[in-house]
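Colleague: All I have is the shape, not the residue letters:
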């Protein structure tokens, strides 16, 4: 009944790091890593390996840079099982010189995040990572605002010029409905026949888990989740829902439930994520959540209608 | 692009009443009713009309009984537009004698909720309601635990013996995935060709909105939502998401955004609803949420794994 090709990637620390400038205590990162290893999750993404030229180390936590020593501190002494370690590099905010030869690193996979306009940068980063011995993916962000005439040739280029095992549909704005997921997954399969399709969703419209399932039904084999849905703004597809849905007996839901209860849920004191109407408004209007984040920070919580009207003026 | 047959029903006060024993202040009910009228929502369900023999009026609020005088107090002086008023009667907990002739009532529609085992009671209540001049529906609860050999003849009976405009798939446990929604909607259409299919969802697995869309795609034309998803346990399909998705220009999202911000969100002080891991556990194990409600009330919030194991023992 299950499809053994499906690979689950946990990106709790990486995507959650967008909500707290990657300031996670070491014990939080270790707890997430250990839970994922115990649960049989295929990959754990422990942060970004981005450039110190682009992100001020005085402002951002160490999980924005994922130095080898920090990754070792997060993983040493924990039984890894078959779980592999990933980091993400933003094509336009990283330095390929930060990619060590794979044999000197605990990292197994490098995921290159990119906008369509930066696809050439992404391909060059991917090429370096592949040459240095890593498994790679390309993650195409903000897919809901890309037009076919720009996206299609970028996907064809990824098919021809990279060794990525998967290319992801990344619904950064939480704007996609199921029929758009179908359309994009089919497009990816058509234009990149030798790559797996990945799907990474956001929960602005409470569709993150549903769209991930929809991607799976249509053939996507790389799927992302985060414990308790932790992530920027409305957050992501909850890993515990994903493991509850998947039938592969190698997965054990229990360690993730513990991690959700003991490690992630208590973060709600300091980090606000989940369904909130301002994020739902940016989702339905296909906008970056930053506008909603600033409305929420202003404390003016009952101005939803005014916020909607203001945003409509920008998009109509 | 839109399907004019689709009817949206708001059941904020009715389903939300399961989370607070129907104790809403009058001004809350008026605000929800007014917002729905302004938004062009087709029906507003203002509570249950259940029996005082089954529910103690000392314990339950007036919206569990929906006496005519209370309904008038909730609606008088508010521009109704094309919005109609509904109440729900539980087949096994109501008294058909409480159904006034429609011309003496502000109620337009009576929805009869039932388990499959009580379908004969439901049909007799429906028959009285229809004879007294109301539009009716039958809402088949806990559909995720019904077997085909009991459900199918019940649906055939509803087709033959009632005048219900719609029969609902009610996912009381928030357990359905999209493929099960497809299966049930197709079954309803096959066995009840002269009835519309309705869908009412719960959000235990964050699939309430997605499953409602799935129902719509497959042809369901009666769809339920609640403002900000208010409802028992994880709550329901958020009305604001539903109106954001539907393309019928008669709907205006703005009044619902205001209601969410000013009327419903502030209730979070007193009523807890939304995504919580114990509810997710009852959802994936296809169980009534009451077990999770009691775990949450106990205050032992970090025993998710133990709760899961305990529930597994019951179902395996």
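Modeller: That came through, no problem. Bear in mind that the values here come from a model prediction, so they are computed numbers and not experimental data.

Colleague: residues contacting the closest residue to chain B within the stretch 1-150 of chain A?
Modeller: The nearest approach of the stretch 1-150 of chain A to chain B comes at residue A:35, 10.7 Å away (Cβ to the nearest Cβ). Every residue, glycine included, has its C-beta placed from N, CA and C. Contacts here follow Cβ atoms under 8 Å, 6 or more residues apart in numbering or on different chains; on that basis residue A:35 touches A:227, A:255, A:256, A:258, A:259, A:263.

Colleague: Then residue A:287?
Modeller: Contacts of residue A:287 by Cβ under 8 Å, 6+ apart are A:173, A:311, A:314, A:315.

Colleague: Please apply the same query to residue A:273.
Modeller: By Cβ under 8 Å, 6+ apart, the neighbours of residue A:273 are A:16, A:19, A:229, A:230, A:231, A:232, A:233, A:234, A:235.

Colleague: how about TSV for those, with distance to chain B added?
Modeller: Listed next are the contacts of residue A:273 as TSV, based on distance: Cβ to the nearest Cβ, whole Å:
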residue	distance to chain B
A:16	16
A:19	17
A:229	7
A:230	12
A:231	13
A:232	17
A:233	15
A:234	11
A:235	10
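
Colleague: Would you point out the most distant pair within the residues you listed?
Modeller: A:16 and A:234 (12.6 Å; Cβ to Cβ).

Colleague: wait, residue A:126 sits on residue A:163?
Modeller: Yes: with contacts counted by Cβ atoms under 8 Å, residue A:126 reaches residue A:163, the gap being 7.2 Å.

Colleague: Common neighbours of these two, please.
Modeller: residue A:136.

Colleague: between the two, who's got more neighbours?
Modeller: Set side by side, residue A:126 and residue A:163 show more neighbours around residue A:126, with 27 against 14, by other Cβ atoms under 10 Å in any protein chain shown.

Colleague: Helix, strand, or coil at the more buried one?
Modeller: Of the three states, residue A:126 takes helix under DSSP: H, G, I helix; E, B strand; the rest coil.

Colleague: Check what pLDDT it gets.
Modeller: At residue A:126, the model reports a pLDDT of 98.

Colleague: count of neighbours near the closest residue to chain B within chain A?
Modeller: In chain A, the residue that lies nearest chain B is residue A:210 (3.0 Å; Cβ to the nearest Cβ). By other Cβ under 10 Å, 28 other residues sit near residue A:210.

Colleague: Give me the next element, helix or strand, following the one helix or strand in chain A whose mean pLDDT sits lowest.
Modeller: Every helix and strand of chain A was ranked by mean pLDDT, DSSP states H and E. The lowest is helix A:290-297, at a mean of 85. Counting by DSSP states H and E, the next helix or strand C-terminal to helix A:290-297 is helix A:304-315.

Colleague: what does the average pLDDT come to for that next one?
Modeller: Mean predicted confidence for helix A:304-315 is 89.

Colleague: which other helices and strands contact it?
Modeller: helix A:277-284, helix A:290-297, helix B:254-259 (3 or more Cβ pairs under 8 Å, 6 or more residues apart in numbering or on different chains; DSSP states H and E).

Colleague: Distance check, the nearest residue to residue A:108 once chain neighbours are set aside against residue A:133.
Modeller: Spatial nearest neighbour of residue A:108, excluding adjacent residues (Cβ to Cβ, 6 or more residues apart in numbering or on different chains): residue A:84 at 3.8 Å. From residue A:84 over to residue A:133 the distance is 13 Å, taken as Cβ to Cβ, to the nearest Å.

Colleague: quick one: which of the two has more around it?
Modeller: With neighbours defined as other Cβ under 10 Å, residue A:84 and residue A:133 compare such that residue A:84 has more, 19 against 15.

Colleague: what's in contact with the strand or helix carrying residue A:73?
Modeller: Assigned by DSSP H and E, residue A:73 falls within helix A:68-75. Residues from elsewhere that reach helix A:68-75 (Cβ under 8 Å, 6+ apart): A:26, A:29-30, A:33, A:46, A:62-63, A:85, A:87, A:100, A:104-107.

Colleague: who's in contact with residue A:48?
Modeller: A:14, A:17, A:22, A:63, A:64, A:65, A:66, A:87, A:88, A:89, A:90, A:94.

Colleague: In strands, which of these appear?
Modeller: Under the assignment DSSP state E, the contacts of residue A:48 contribute A:87, A:88, A:89, A:90 to strands.

Colleague: bridging residues for the first one?
Modeller: Listed by DSSP bridges, the beta-bridge partners for residue A:87 are residue A:110.

Colleague: Does it touch residue A:107 like I think?
Modeller: Yes: counting by Cβ under 8 Å, residue A:87 does reach residue A:107; the two are 5.4 Å apart.

Colleague: joint contacts of the two?
Modeller: A:49, A:66, A:71.

Colleague: Export those residues to TSV and append columns for neighbour count and pLDDT.
Modeller: Below are the shared contacts of residue A:87 and residue A:107 laid out as TSV (neighbours: other Cβ atoms under 10 Å in any protein chain shown; pLDDT from 0 to 100):
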residue	neighbour count	pLDDT
A:49	27	98
A:66	29	98
A:71	22	98
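
Colleague: Name the surrounding residues that touch stretch A:78-86.
Modeller: Residues outside stretch A:78-86 that contact it (Cβ under 8 Å, 6+ apart) are A:9, A:11, A:30, A:33-34, A:36-38, A:40-46, A:71, A:75, A:106-111, A:135.

Colleague: One more: stretch A:253-262?
Modeller: A:31-32, A:34-36, A:38-39, A:41, A:227-228, A:239-240, A:243-244, B:277, B:281, B:301-305, B:308-309.

Colleague: what's the first-to-last distance across it?
Modeller: One end of stretch A:253-262 to the other measures 15 Å (Cα to Cα, to the nearest Å).

Colleague: List the buried residues in that stretch.
Modeller: A:253, A:254, A:255, A:256, A:257, A:258, A:259, A:260, A:261 (16 or more other Cβ atoms under 10 Å in any protein chain shown).

Colleague: With stretch A:30-43 instead?
Modeller: Under the neighbour-count criterion of 16+ other Cβ under 10 Å, stretch A:30-43 has A:30-43 buried.

Colleague: do stretch A:269-289 as well
Modeller: Across stretch A:269-289, burial judged by 16+ other Cβ under 10 Å covers A:271, A:273-285, A:287, A:289.

Colleague: so how far is it off the chain centroid?
Modeller: With Cα atoms, centre = their mean, to the nearest Å as the basis, stretch A:269-289 stands 16 Å off its chain's centre.

Colleague: Are we agreed that residue A:261 is in a strand?
Modeller: No: counting by three-state DSSP, residue A:261 falls outside a strand, being helix.

Colleague: Please read off the pLDDT at it from the model.
Modeller: 93.

Colleague: any idea how far residue B:297 is from it?
Modeller: Distance, residue A:261 to residue B:297, using Cβ to Cβ: 16 Å.

Colleague: Outline the domain layout of chain A.
Modeller: Domain ranges of chain A: A:7-269, A:277-315, per automatic domain parsing.

Colleague: most packed of those?
Modeller: The highest mean neighbour count among the domains of chain A, using mean count of other Cβ atoms under 10 Å in any protein chain shown, belongs to domain A:7-269: a mean of 21.

Colleague: circling back to that earlier point, check whether the least confident helix or strand of chain A contacts chain B.
Modeller: No: figure legend: helix A:290-297 not in contact with chain B (Cβ under 8 Å from any Cβ of the partner chain); closest approach 11.1 Å.

Colleague: can I assume residue A:11 is in contact with residue A:45?
Modeller: Yes: assessed by Cβ under 8 Å, residue A:11 is found in contact with residue A:45 at 4.3 Å.

Colleague: the strands in the stretch 151-300 of chain A, which residues?
Modeller: A:166-170, A:196-200, A:222-225 (DSSP state E, counting those that start in this stretch).

Colleague: Can you lay out the ones you listed as CSV showing mean pLDDT and distance to chain B?
Modeller: What follows is these, written out as CSV (pLDDT from 0 to 100; distance: least, Cβ to the nearest Cβ, whole Å):
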stretch, mean pLDDT, distance to chain B
strand A:166-170, 98, 16
strand A:196-200, 98, 14
strand A:222-225, 98, 12
